[in-house]
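In: for reference, the sequence and a predicted model appear below.
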There are 2 protein chains.
Amino acid sequence: MDVASVVNMLIHHLGADRVLTEKEDILPYGFDGTATLKQLPACVCFPRDAKDVAVAIKLASEQKLPVVTRGSGTGLSGGSVPIAGSLVLCLAKMDRIIEVDTANLTLRAEAGVITQKVYAAADAVGLFYPPDPGSMKISTIGGNVAENSGGLRGLKYGVTRDYVMGLEVVLADGSICRLGSKCVKDVAGYNLRDLFIGSEGTLGVVTQVILKLLPKPAARQTLLATFTAMDAAAAAVSAIIAAKIIPCTLEFLDQKTLRCVEDYANVGLPRDAAAVLLIEADGHAAAVDEDASKIEELCWIHDASSVRLAADADEAVQLATARRSAFSALARIRPTTILEDVTVPRSELVGMIRAVEQIAKKHNLNIATFGHFGDGNLHPTILTDELDSEEMHRVEAAIVDIVQETLDRGGTITGEHGVGLAKKPFLQHQLGDNSYDLLRLVKRAIDPQGLLNPGKIFD
Amino acid sequence: MDVASVVNMLIHHLGADRVLTEKEDILPYGFDGTATLKQLPACVCFPRDAKDVAVAIKLASEQKLPVVTRGSGTGLSGGSVPIAGSLVLCLAKMDRIIEVDTANLTLRAEAGVITQKVYAAADAVGLFYPPDPGSMKISTIGGNVAENSGGLRGLKYGVTRDYVMGLEVVLADGSICRLGSKCVKDVAGYNLRDLFIGSEGTLGVVTQVILKLLPKPAARQTLLATFTAMDAAAAAVSAIIAAKIIPCTLEFLDQKTLRCVEDYANVGLPRDAAAVLLIEADGHAAAVDEDASKIEELCWIHDASSVRLAADADEAVQLATARRSAFSALARIRPTTILEDVTVPRSELVGMIRAVEQIAKKHNLNIATFGHFGDGNLHPTILTDELDSEEMHRVEAAIVDIVQETLDRGGTITGEHGVGLAKKPFLQHQLGDNSYDLLRLVKRAIDPQGLLNPGKIFD
C-alpha cells in the first residue's frame, strides 16, 4: 500500500487544492453524526465529476487503499466513518442541479447537492420533493441515496428510494454505469438502481441522480394533540388509519422527550402528558379540511387531553417545533446521545415503546423515545456518557435487548439510518443465514477486491 | 441430463397428480401470450409451497435440467416460454391469500393468486391495490412481480414494484430467503427484494409476496375526449400536467386503433378523429370534481372535437371499454398481432407516435398505436401474419427502427412487458456495455450454474 504515490497521482489529476493529507485538514472527515465513532483516513480528495471519481478509485485500487465516500457526514450509523489508511472521496463539491424538467416532473442533480436545495428547486416551480430527513438542511442527496434516508413523511410519501428514477454510479473497477432513466416505466433488465440505493457506498459511488417530483400539495393542516396515556395516543392513530386517512406526518414524543423539549423550547406542552402526537394532512383544500376535522374528532374520542389545530402557517411551524427539536433538546441532557432507529409494523408500535421503557428500567438507563408513529419507526434515544465504561456496558446490553424485542415483533434493526458500523453486529440475526449470505455474495461479485467502504454493513 | 429420474423423484415428493409429462398434458405450458414463440418442456410440476419449489429446484439442479417458472402464462415477452428439456414450475396452484392486515395496510399472498383476487380482497375491506395490468383477470401476482407489470394507473400510482414490501424467494441452490418485511421503512442491508422484482425468474423463484395497500379513493371521474390531431391531444396532456393535475389514468388510441375499436365494440367514437384520450381522476370528491372540470376545460382549449364526462359508474365503464378493448379489437384484423412496449419520457411521446407512423409507411406495414400517454408507455401493435416470411422480415426491420427511435429519445425498449426472449437482442444497446456487464455479473453470482430460466434477458 503506497499512499504517497496515490496522493501524488491524485494531485496530478485533480490539482493540489482538491487533495488533503495534513492532519488538521483531514480531521473534520474522521467522523460522521454517529456517537462514539471516529477514525482518520490517509487522504481526502474532492472529485469534480464521475470521471474524477473513476480516476481516484482506479488509483486507490492499484495500491489497495480502501475507498470511503462521503457527503456532509451527517450519517447516524457510521456509514461514512473512514477506515484507517483509506482514501476518502468527499463529493460535497459536486453540487450542481443540472436540470429541472417540468414536462416530465424530474430533477437531475450531482450527488453533492444539499437535499434542502433539491426541495427548494422543485418548490420554485410549484413541484414537490417529499423526502425530508431530519438532516436535510445539511445532508447531500448522494448521502440520502446511499442510506435510503427516510424522514417525517414516510407513511404517505415513502422514502428517498421512492423518488430515485435514475443513477450514475462508478464501480470498483472505475467503470461508469447509468441505471434507470427518466421513463416512468422501465423494465429493461435487472433493477440495479434499487440495489445501489441504500448500499452505503459499499457497491459503488453514486455521482448523479435523476429524481421524481410531484405537484406541490395545495393545502396543509397541522395538529398537535396531547394524551395522558400512550395507549390512548396509539388508539387515536389506529382510528385515523381505520378511517382511511393517511396523514403525511404522524409523529410522537413520549413523556421524557416532551419534558426535555419543553425545557428547551418552551412551546407550551403540558409536562404531565404521557404522549404528544404531531399530525399533518396535506392535499386538496377540501380533503385536508375534512381530514383535519376527522382527525381532531378521533383524538378527542380517544381521550386526548388537548388538541390544537394550527390557525395559519406560522402556528403550524410552531407546533412542528416540538417534534423537530426533539433530538437537540435530548442531546443537552448528557454528554453522549445514542439515537436508535428500530422499526416495527405500525400495529406493534405501542408494545414496542412500552418494552423500551422496561428495558431502560432493567438496565437503569435514561432512554427517551420519539419518532414516526405512522410508519412504525421509533428512535429510542439513550442519554449517556461514553467516558463512563460501566454505564456504556449497560447501554450495549440495552441495545441488544431493544434489537431482540424489535425482531420478535417482526421489525427491523434500522428504519432509516442504515447499518454502517453501528448495526453491523445485528444484521445476520435479522436477515437469517440465507439472506445474509446472499448479501455477501452480491458484495463479492460487484466489489471482488473489497475496495469500497470495507467493514460496513458486514465484515 | 436424466429427465426420467427427476420425474420419478418429483412424483415421489409431490404426488403423481402434480407432475405432467405426456405431450397432450404439457402442450398448454409450451407458450405464453407472446406471438410466434413456443417450445415444449420436458416436464411440468405444480408445487404446493416454497419447500416443494426448493425440492424441485434441487432435483433439477442435480441433473442440470433448466428450470422455468410460470403462473398463468400471460406474459408478452416470452419470459415464461420453456426451454427445450426444461422443468416447468407452474405456481398456479399456490393460490392462497394468507392475510389481509388492515392495521398495517398489507396483504400477504402466495405467488399463484390471480391479481384480480388481490384487488378484490383489498376492495372488500375498503382498501385498494392499484396495479392493474391488462391481464389482471387471469395473470398471477407472482408473474406480475417477476415482470414488474405496469398497467393503466402508472402515472399516479406507479407499477407492481411500488406495492411489494416483502418477498419469499427460492434460490438456485434451493435455499429459501425472505427479503423485505411489513415495515414501511427498512434499510437493513442491500435491497435484494427490488433486484428480484422484474428479474423474470432468472435469479430465483418468488413463492410469496407481502403487498402494500392504500385506502380506496373516495371518488372517481372518467372523461373521453377526441381530437382531430394527435398534436392537439398531446398539448392537452401537457397542459393537464402543467396544471399540476396527475390523473390516475391518461390513455390514448390513435386513429387506426379507434377505428378498429369502433368496428369491434360500437362505442360511438368518431371515425375521423385522429386521437382519443381516456382520462380518469380519483381521490377526494371535491378534488376529483375540480380536476375533472379543469381537464375538460383544457381539452376544449386544446381543440378537442368532443369531450364526454361519464355521468355515473356505468357510463365510466362504457367509456373505458374503448381503451380496454383496444388489443382484442386489433387482434381480429390479421392472423398475428405483435404488441410492442417501447417507452419514452412523456415529453417525447408525440414525436415517438409520429415516428412509428413513418416507420410503418417505410416498411409498408399495418401498425396501430395505443397506450399510456401519462407515463410515456406506448404499444405500437403490428398487425401481420407470421406465416408470411417476406412480411415478417419487414416486421423485424420495423422493430429495429422503432427501438432505435426509442433509444434516441432517451427511452426504454420495454416499459412493462419485460425483456424475456422478445427484447433480448436490444438490451445491451440500451444499457451500454458497463451496465450490461454488471447485469450478467449479478446473474452469474446468484445463479452460477445458469439453472433458472436460461436464455431469457440475455444469453
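Out: Structure received. Residues are numbered from 1 along each chain as shown, chains lettered A, B, ... in the order given.
In: now do the same contact list for the nearest residue to residue A:237 once chain neighbours are set aside.
Out: Leaving aside its sequence neighbours, residue A:237 sits nearest to residue A:373 (Cβ to Cβ, 6 or more residues apart in numbering or on different chains; 5.3 Å). All C-beta atoms are positioned from the backbone trio N, CA, C, and that covers glycine. Contacts for residue A:373 (Cβ atoms under 8 Å, 6 or more residues apart in numbering or on different chains) come out as A:233-234, A:237, A:250-252, A:277, A:346, A:349.
In: cool, residue A:99 as well?
Out: A:106-108.
In: can you tell me how far it is from residue A:113?
Out: Between residue A:99 and residue A:113 the distance is 12 Å, computed by Cβ to Cβ, to the nearest Å.
In: how about the contacts of residue A:99 in TSV, adding distance to chain B, neighbour count and pLDDT?
Out: Below are the contacts of residue A:99 laid out as TSV (distance: Cβ to the nearest Cβ, whole Å; neighbours: other Cβ atoms under 10 Å in any protein chain shown; pLDDT from 0 to 100):
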residue	distance to chain B	neighbour count	pLDDT
A:106	8	24	98
A:107	13	27	98
A:108	12	18	98
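In: tell me which stretches of the stretch 251-400 of chain A form strands.
Out: For the stretch 251-400 of chain A, the strands defined by DSSP state E, counting those that start in this stretch cover A:275-283, A:304-309, A:336-339, A:366-372, A:377-384.
In: which of those sits closest to residue B:34?
Out: strand A:275-283 (41.0 Å; Cβ to Cβ).
In: can you name every helix or strand that the closest one contacts?
Out: strand A:219-227, helix A:230-242, strand A:249-254, helix A:255-265, helix A:285-301, helix A:313-324 (3 or more Cβ pairs under 8 Å, 6 or more residues apart in numbering or on different chains; DSSP states H and E).
In: ok, and what's touching stretch A:450-459?
Out: Residues contacting stretch A:450-459 (Cβ under 8 Å, 6+ apart): A:57, A:60-61, A:64, A:66-69, A:78-79, A:83, A:172, A:199-205, A:419-421, A:424, A:427-428, A:436, A:439-440, A:443-444, B:189-190.
In: just checking, residue A:247 touches residue A:375?
Out: No. Applying Cβ atoms under 8 Å as the test, residue A:247 and residue A:375 come out as separate, 10.9 Å apart.
In: okay, and the common contacts of those two?
Out: Common contacts of residue A:247 and residue A:375, defined by Cβ under 8 Å, 6+ apart, comprise residue A:155.
In: quick one: the strands in the stretch 51-200 of chain A?
Out: Under DSSP E, counting those that start in this stretch, the stretch 51-200 of chain A gives strands at A:67-70, A:87-90, A:97-101, A:106-110, A:127-128, A:164-170, A:176-180.
In: residue A:10 is nearest to which of those strands?
Out: Closest approach to residue A:10 among the strands of the stretch 51-200 of chain A is made by strand A:87-90 (7.9 Å; Cβ to Cβ).
In: which residues are in contact with that closest one?
Out: So strand A:87-90 is contacted by A:6, A:10, A:26, A:29, A:41-47, A:53, A:56-57, A:59-60, A:65-71, A:82, A:205 (Cβ under 8 Å, 6+ apart).
In: if I read this right, residue A:281 contacts residue A:250, doesn't it?
Out: No. When contacts are counted by Cβ under 8 Å, residue A:281 is not listed as touching residue A:250 (9.7 Å).
In: now residue A:21, nearest residue through space, not along the chain?
Out: residue A:43 (5.1 Å).
In: again with residue A:95
Out: The nearest residue in space to residue A:95 (Cβ to Cβ, 6+ apart) is residue A:112, at 4.3 Å.
In: show me the beta-bridge partners of residue A:100.
Out: Bridge pairing for residue A:100 (DSSP bridges) gives the partners residue A:107.
In: how's chain A carved up into domains?
Out: A:3-92, A:94-215, A:219-328, A:330-408 (automatic domain parsing).
In: so how far is the first residue of the shortest one from its last?
Out: End-to-end span of domain A:330-408 (Cα to Cα, to the nearest Å): 28 Å.
In: swap in the first one?
Out: Criterion Cα to Cα; first-to-last residue distance in domain A:3-92 is 23 Å.
In: cool, and stretch A:416-427?
Out: So stretch A:416-427: terminal residues 14 Å apart, Cα to Cα.
In: contact residues of the stretch 301-450 of chain A facing chain B?
Out: By Cβ under 8 Å from any Cβ of the partner chain, the part of the stretch 301-450 of chain A that sits against chain B consists of A:343-347, A:372, A:374-377, A:410-419, A:423, A:427, A:430-432, A:434-439, A:441-446.
In: mind running it again at 7 Å?
Out: Neighbours of chain B within the stretch 301-450 of chain A, by Cβ under 7 Å from any Cβ of the partner chain: A:343-347, A:375-377, A:410-416, A:418-419, A:427, A:430-432, A:434-435, A:438-439, A:441-442, A:445-446.
In: now the residue of the stretch 1-150 of chain A found nearest chain B: closest residue in space that isn't a chain neighbour?
Out: At 4.0 Å from chain B, residue A:103 is the closest residue in the stretch 1-150 of chain A, using Cβ to the nearest Cβ. Leaving aside its chain neighbours, residue A:103 sits nearest to residue B:347 (4.0 Å; criterion: Cβ to Cβ, 6+ apart).
In: check residue A:445 too.
Out: Closest to residue A:445 by Cβ to Cβ, 6+ apart is residue B:445, at 3.4 Å.
In: burial of that neighbour, as a residue count?
Out: 17 (other Cβ atoms under 10 Å in any protein chain shown).
In: before we move on, what about residue A:28?
Out: By other Cβ under 10 Å, the residues close to residue A:28 number 11.
In: that's a helix at it, yeah?
Out: Yes. Membership of residue A:28 in a helix is supported by DSSP: H, G, I helix; E, B strand; the rest coil.
In: list the residues that contact the residue minimising distance to the centre of chain A.
Out: Central residue of chain A (Cα atoms, centre = their mean): residue A:149, 3.5 Å from the mean position. The contact partners of residue A:149, by Cβ atoms under 7 Å, 6 or more residues apart in numbering or on different chains, come to A:131, A:133, A:159-160, A:416.
In: one more time with 6 Å
Out: By Cβ atoms under 6 Å, 6 or more residues apart in numbering or on different chains, residue A:149 lies in contact with A:133, A:160, A:416.
In: report the contact partners of the second one.
Out: Okay, so that is residue A:160. By Cβ under 6 Å, 6+ apart, the neighbours of residue A:160 are A:131, A:144-145, A:148-149.
In: can you give me the buried ones in stretch A:161-177?
Out: Using 16 or more other Cβ atoms under 10 Å in any protein chain shown as the test for burial, stretch A:161-177 gives A:161, A:163-177.
In: could you do stretch A:217-232 as well?
Out: For stretch A:217-232, by 16+ other Cβ under 10 Å, it's A:217, A:220-228, A:230-232.
In: out of those residues, which is nearest to chain B?
Out: residue A:217 (9.5 Å).
In: wait, doesn't that closest one sit right on residue A:285?
Out: No. Using Cβ atoms under 6 Å as the test, residue A:217 is too far from residue A:285 to be in contact (9.5 Å).
In: quick check: which ranges of chain A have low pLDDT?
Out: Residue ranges of chain A with pLDDT under 70: A:1.
In: need the distance between the two termini of stretch A:450-459.
Out: Stretch A:450-459 has its terminal residues 10 Å apart, counting by Cα to Cα.
In: before we move on, the earlier item: return only those of the buried residues of stretch A:161-177 found close to chain B.
Out: Contacts with chain B within the buried residues of stretch A:161-177, counted by Cβ under 6 Å from any Cβ of the partner chain: A:175, A:177.
In: highest average neighbour count across the domains of chain A?
Out: Across these, averaging neighbours per residue (mean count of other Cβ atoms under 10 Å in any protein chain shown) puts domain A:94-215 on top, at a mean of 23.
In: centre of the chain to that one, how far?
Out: 14 Å (Cα atoms, centre = their mean, to the nearest Å).
In: try stretch A:384-396
Out: With Cα atoms, centre = their mean, you get 25 Å for stretch A:384-396.
In: then it to CSV, C-alphas only?
Out: This file holds the C-alpha atoms of stretch A:384-396, laid out as CSV (Å, rounded to 0.1, in the frame of the first residue of the first chain):
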residue,chain,number,x,y,z
THR,A,384,-25.4,8.5,28.5
ASP,A,385,-21.7,9.3,28.7
GLU,A,386,-19.2,7.4,26.6
LEU,A,387,-16.4,8.0,29.1
ASP,A,388,-18.3,6.0,31.7
SER,A,389,-17.4,2.5,30.7
GLU,A,390,-19.6,0.8,33.3
GLU,A,391,-22.6,2.7,32.0
MET,A,392,-21.6,2.0,28.4
HIS,A,393,-21.7,-1.7,29.2
ARG,A,394,-25.3,-1.3,30.3
VAL,A,395,-26.0,0.7,27.2
GLU,A,396,-24.7,-2.1,25.0
